[in-house]
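> What shape does this take:
(chains A and B)
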Amino acid sequence: MRLDKTEISLGLIALGCVLFGFVSPGWLIFLLTIALAKALVVQGVVMQMRSGLVSFGQGLFYCIGGYTVGMGGQFFGIHDAVAALSLGMFVAIIIAMLLGLLLTRYREIFFAMLSLAFSMILFGILVKSQELGSTDGFNVHDWTLFGWAPEAGAGSQYTVFTMTVVSGLIVAVLIHRYTKAGIGVICEAVRENEVRVEYLGLSPRWLLYGNYVAAAAVSALGGGLTALATGHVDPEMAYWTTSGEFVFIALLGGLGHVAAPFIAAIVFSFVRTYAIEFVPHTWQMILGFTLLAVIIFLPKGLWSLVSREKTGERA
Amino acid sequence: MTSLLAVLIDGSIYASWLFLVAAGLTVIYGVMRILNMAHGSFYAIGAYSAASLVGWYFNNGIGPAWVSYLMLVGAALVAGLIVGVIIERGLLRLMYGRDEILMVIITYALLLILEDGMKIVWGVSPYFAYQPYSELGRTSLGLLKVSNYDVALVGVSALLGLGLWAWLERTNQGKVLRAVIHDREIAVAMGVNVKLMFTITFVLGTTLGALAGALTAPAISVVPGIGIEVIVLAFAVVVIGGLGSIGGAAVGALLVGLSRAAAVHYAPEFELFVIYGVMSLVLAFRPEGLFGRTLARKI
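Have a look, this model is predicted:
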C-alpha cells in the first residue's frame, strides 16, 4: 500500500494530536473530541454534497449512532466501545439501505426536505418514548475497550479522544482514496450533469445510493463517539437544527480537501464555546452572518484560503 | 362518536392554522423558487409584534376589547411589510439566480440571524396576549367545548385562502403573477416587471407568515424558538400539497391536521411521527406532491 503525500501528512497530524493529548488540559481534549466526532458527521454531509445532494437530515444517523451506543450498554450489555460503535454503524447502514431506496429518487430541495423529514420522524419517536428518557435522553453506561476499563474522568476522556483521532484518520484516508478513485471523480460529474453521466452508461442513482449508505455509516460513527465522550444522548441529536449545524460546518470547510471538515469543525467549536460564553444571545446571529459571508466571499469554503495560491492560476 | 367529532373539530382547527402558516411559504416558492427557511421567523416576528402590542393595550386598559383584534392584524401587516421589504431589497435581491438549494442555505442563514435578532428586540422571557382569546368565550357542541377564537380562525383561514385564490385567478395582477410562475424568462420577454413582482410576492409571503403568527399569539405563550418548530410543519404541509400550489397547501393542511388530530386522540405516541409519516408516504408515490407539476429533465 503506497501512501501519498496527503495520507502521510494526515497520519503525522493524527500522531501529533495523540501526543498533544498527553500535555493539553482536559477541557481542550473534550472540545477537540466533540469537534472531531462532529467532523465525522460532516464528512458524511460533504460526501453527498460532492455529488450535488445537500442533506438537511444527517442528524438522523448522528442520533442513531449515539442512541445505539447508549442502548447497547443500557439494554443489551454491550459495554465494549468498539463493539458498540460498530453496532451503531451497522444499524445506520441497515436503515440507510432502506431509506436510500426512496431518497435517491430525489434531488435538490426535495432530497433536502425528505431527509429532514426522516430525521424529524426519529425525533418524534424519541421524544415520545418513555423508556428512552423522552426529551431528556439518558446517560451512557461506563464502557470498556477490549476488556480494559479506562479510569473514569481524565483516563476515559483521553481514551475517547484517541479513538476519535484514530477513527478520523481511518475515515479521512478512506475518503481521500475514494475521491481520488475513478468512482469518486464521477460523483462530481453527477453534480455537474447527471443526465450526461447516464449517457456514459453509468447509474447515478446507485452511485448516490452507495454514497448515502457510506455517509450514514460515517455519521453514525461520529454520533457514537459523541455519545461516549459526553456520556449522554438526547433526541436533540435528530432535531433539524442539529443537521443544519452540520451543513453549516460543511460549507464553512468546503469540498476542496478531506481535511477541510476537520478544520472547520474545530474552528466552529472554538468560536461557539467563546461566543456562548461572551455573547449568548447573538451566537446564532454570528453564525448566520458568517454563513452569508462564506457563501458570498468564499464559495469554496475556508479551505480555499489555504489552496488559493496553489490553484489560483487554474481557477 | 364524540371522539370522532373531537378529531374532526380539532383537525379542522389545526388544519386552518397550518394553512395560515404554510400559505406564505408556498406563494414565495411558487413565484420565486425560494424555499424560505426563514418563514418560521416571520411567523415569530408577527407573534411577538402582536403579543407585545396587545399586551400593552390591555395592561393600560385604554379601550374596548374589539380594538385588540384590529391590533393583531395591524401589527402583523406592519411587521410583515417592514421585514419583507428590508430582506427582499437588502439581501435576496443580491442572490437571485443562484441554485435553489443554495437559496435554502441562504434563508437558513437568515433564520439564524432573525432568531437572535428577536431575542435582542424582545428578550427571552415569554409574552402573553391571551385576552382576545378568552374574550370570545366558548361554545358547547354536545359534550365538547370549543373556543370561539379557534372557530373564528377556521373562518379567517378559509377567507384568506379564497382571497388568495381570487387574487391569483381573477385579477390582472394575479394573471401576470401566474405568467411569472409558469415561465419567468418568457414573462420578462413579454414586458413583465419580474423584479417588482418578486418584491410584491415576497412581501405578501412575509406578511402572511406574520399574520399567522399574530393570529396564533393569543392562543400560545410567545417564546424564543416558536418559529423553528413551525417551519418544519409548514414544510411538511407544502411538500405534501405540492410546492407552489395554494390549493395543494390547503389539502396538505387538511391531511396533516386531521391525521395529527386522529393521532392525538387515538395514539398520542405517534403525534409527531404521523405528520412526517404522511409526508414521506405522499412523496414516495408523488414526488412533486399532490398538486405539483412534473418537470421534464433538462440536459
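
> Start and end of stretch B:233-248, how far apart?
Length of stretch B:233-248, first residue to last, C-alpha to C-alpha, to the nearest Å: 15 Å.

> How about the contacts made by the residue of chain A found nearest chain B?
Going by C-beta to the nearest C-beta, chain B is nearest to A:Gly124 of chain A, at 2.8 Å. In short, each C-beta sits where N, CA and C put it, glycine included. With contacts taken as C-beta atoms under 8 Å, 6 or more residues apart in numbering or on different chains, A:Gly124 has the following neighbours: B:Phe270, B:Glu271, B:Leu272, B:Phe273, B:Ile275, B:Tyr276.

> helix or strand for the second one, which one?
Spelled out, that is B:Glu271. Here B:Glu271 sits within helix B:271-285, counting by DSSP states H and E.

> Does chain A have contacts with that helix?
Yes. Against chain A, helix B:271-285 shows contacts by C-beta under 8 Å from any C-beta of the partner chain at B:Glu271, B:Leu272, B:Phe273, B:Ile275, B:Tyr276, B:Gly277, B:Met279, B:Ser280, B:Leu283, B:Ala284.

> Of those, which is the nearest to A:Val190?
For those, the closest approach to A:Val190 (C-beta to C-beta) belongs to B:Leu283, at 21.3 Å.

> Give me the nearest residue to the closest one, chain neighbours excluded.
A:Leu114 (5.7 Å; C-beta to C-beta, 6 or more residues apart in numbering or on different chains).

> Go ahead and confirm the one you found touches B:Leu281.
No. The criterion here is C-beta atoms under 8 Å, and A:Leu114 misses it with B:Leu281 at 11.3 Å.

> picking that back up, how much space separates the residue of chain A closest to chain B from B:Asp10?
Distance of A:Gly124 to B:Asp10, computed by C-beta to C-beta, to the nearest Å: 18 Å.

> Helices along chain A, start to end?
Assigned by DSSP state H, chain A shows helices spanning A:5-23, A:26-50, A:59-75, A:81-103, A:108-128, A:154-180, A:182-192, A:194-199, A:204-230, A:240-253, A:260-278, A:283-297, A:303-311.

> Can the third one be said to contact chain B?
Just to be clear, that refers to helix A:59-75. No. Using C-beta under 8 Å from any C-beta, helix A:59-75 stays clear of chain B, with a minimum separation of 11.4 Å.

> Tell me which residue in chain B sits closest to chain A.
Closest point on chain B to chain A, by C-beta to the nearest C-beta, is B:Leu272, at 2.8 Å.

> For the chain, which element, helix or strand, carries the lowest mean pLDDT?
Looking at chain A here, since you left the chain open. Least confident helix or strand of chain A, by mean pLDDT, DSSP states H and E, is helix A:303-311 with a mean of 58.

> switch to chain B, that's the one I care about
None of the helices or strands of chain B scores lower by mean pLDDT, DSSP H and E than helix B:131-135, at a mean of 73.

> Tell me the strands beside the helix or strand just after that one, with direction?
Under the assignment DSSP H and E, the closest C-terminal helix or strand after helix B:131-135 is strand B:138-141. Strands that pair with strand B:138-141, judged by DSSP bridges, come out as strand B:144-147 (antiparallel).

> how about the partner strand: buried residues?
B:Ser147 (16 or more other C-beta atoms under 10 Å in any protein chain shown).

> Kindly export that strand (C-alpha atoms) in PDB.
Output in PDB follows, covering the C-alpha atoms of strand B:144-147 (Å, rounded to 0.1, in the frame of the first residue of the first chain):
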ATOM      1  CA  LEU B 144     -67.400  19.300  23.700                       C
ATOM      2  CA  LYS B 145     -66.500  22.800  24.400                       C
ATOM      3  CA  VAL B 146     -64.900  24.700  21.600                       C
ATOM      4  CA  SER B 147     -63.200  28.100  21.900                       C
END
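
> Can you tell me what sits against the helix or strand that that strand is followed by?
Scanning forward in sequence from strand B:144-147 by DSSP H and E, the next helix or strand is helix B:148-170. Helix B:148-170 is touched from outside by B:12-13, B:16-17, B:19-20, B:23, B:27, B:132-133, B:136-139, B:173-174, B:177-178, B:208, B:211, B:215, B:218-219, B:246-247, B:250, with contacts defined as C-beta under 8 Å, 6+ apart.

> what about 7 Å?
Contacts to helix B:148-170, defined as C-beta atoms under 7 Å, 6 or more residues apart in numbering or on different chains, come from residues B:12-13, B:16-17, B:19-20, B:23, B:132-133, B:136-139, B:174, B:177-178, B:215, B:218-219, B:246, B:250.

> So which of the residues you listed are in helices?
Secondary structure defined by DSSP H assigns B:12-13, B:16-17, B:19-20, B:23, B:132-133, B:174, B:177-178, B:215, B:246, B:250 of the contacts of helix B:148-170 to helices.

> returning to that earlier point: look at A:Leu114 and B:Leu281 and report which has more neighbours.
Neighbours per residue, other C-beta atoms under 10 Å in any protein chain shown: of A:Leu114 and B:Leu281, the larger number sits with A:Leu114, 24 against 12.
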